[in-house]
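1. let me see the structure of the following:
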Amino acid sequence: MNREDMENRLGLSPRELLELWEIFLEASHADVAGIQAGLDDNDPGRVAEAAHSIKGSAINLEFVKVAEQAEGIEREAKKGNLAGVREQTRLLRESIKEVASMIYRYSGLCQRQERSCPGEEFRGVESR
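-> Prediction:
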């Protein structure tokens, strides 16, 4: 992913792109929680829906690894196969943490503002 190319392709300023990335991280946090809830309730439909949401957002923002992992979770859930999805969800969380780290490096928000940084909710969250 090239930040400047993305800004140009989407017609966004650097600040607007950063805001879009932050929204992605917040939505991904909610969607990962949805995947986990679906796993806890043995609800493949809920898992697939949440994974589909992450996949779509990640594709639009060129977070290829995240999109591919979410697609794998969605595919397995649609088959009703939740057996390997817990591990796939753990890997997805790790990839989202990597995206969050990239955003932190780009934005410097963690150093400049007294607030939690987007994506921090993924730190220390382990799959059950």
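2. what's the spacing between the residue positioned nearest the centre of the chain and Ile59?
-> The chain has Ser28 as the residue nearest its centroid, 4.0 Å off, counting by C-alpha atoms, centre = their mean. Remark: distance between Ser28 and Ile59 (C-beta to C-beta, to the nearest Å) = 13 Å. Quick note: C-beta positions are derived from backbone N, CA and C, even for glycine.
3. about what we covered before: other SSEs contacting the helix or strand hosting the residue nearest to the centre of the chain?
-> Using DSSP states H and E, the element containing Ser28 is helix 14-40. Here helix 14-40 touches helix 3-10, helix 44-60, helix 64-78, helix 85-107, going by 3 or more C-beta pairs under 8 Å, 6 or more residues apart in numbering; DSSP states H and E.
4. so which of the ones you listed is nearest Val32?
-> helix 85-107 (6.1 Å; C-beta to C-beta).
5. next, the angle from that closest one to helix 14-40.
-> 160 degrees (axes from the mean of the first three to the mean of the last three C-alpha atoms, to 10 degrees).
6. helices or strands next to helix 85-107 in the packing?
-> Going by 3+ C-beta pairs under 8 Å, 6+ apart, helix 85-107 lies up against helix 14-40, helix 64-78.
7. now the ones you listed as CSV including mean pLDDT and distance to Glu94?
-> What follows is the helices and strands packed on helix 85-107, written out as CSV (pLDDT from 0 to 100; distance: least, C-beta to C-beta, whole Å):
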stretch, mean pLDDT, distance to Glu94
helix 14-40, 94, 11
helix 64-78, 97, 9
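8. and those: which comes nearest Ala100?
-> helix 14-40 (5.7 Å).
9. off-centre distance for the closest one?
-> Taking the mean of its C-alpha atoms, helix 14-40 sits 5 Å from the chain's own mean (C-alpha atoms, centre = their mean, to the nearest Å).
10. counting neighbours, which bits of it end up buried?
-> 17-18, 20-22, 24-25, 28-29, 31-32, 34-36, 38-39 (16 or more other C-beta atoms under 10 Å).
11. tell me what angle it forms with helix 3-10.
-> Using the same axes, to 10 degrees: helix 14-40 against helix 3-10 is 90 degrees.
12. next, the angle helix 64-78 makes with helix 14-40.
-> 30 degrees.
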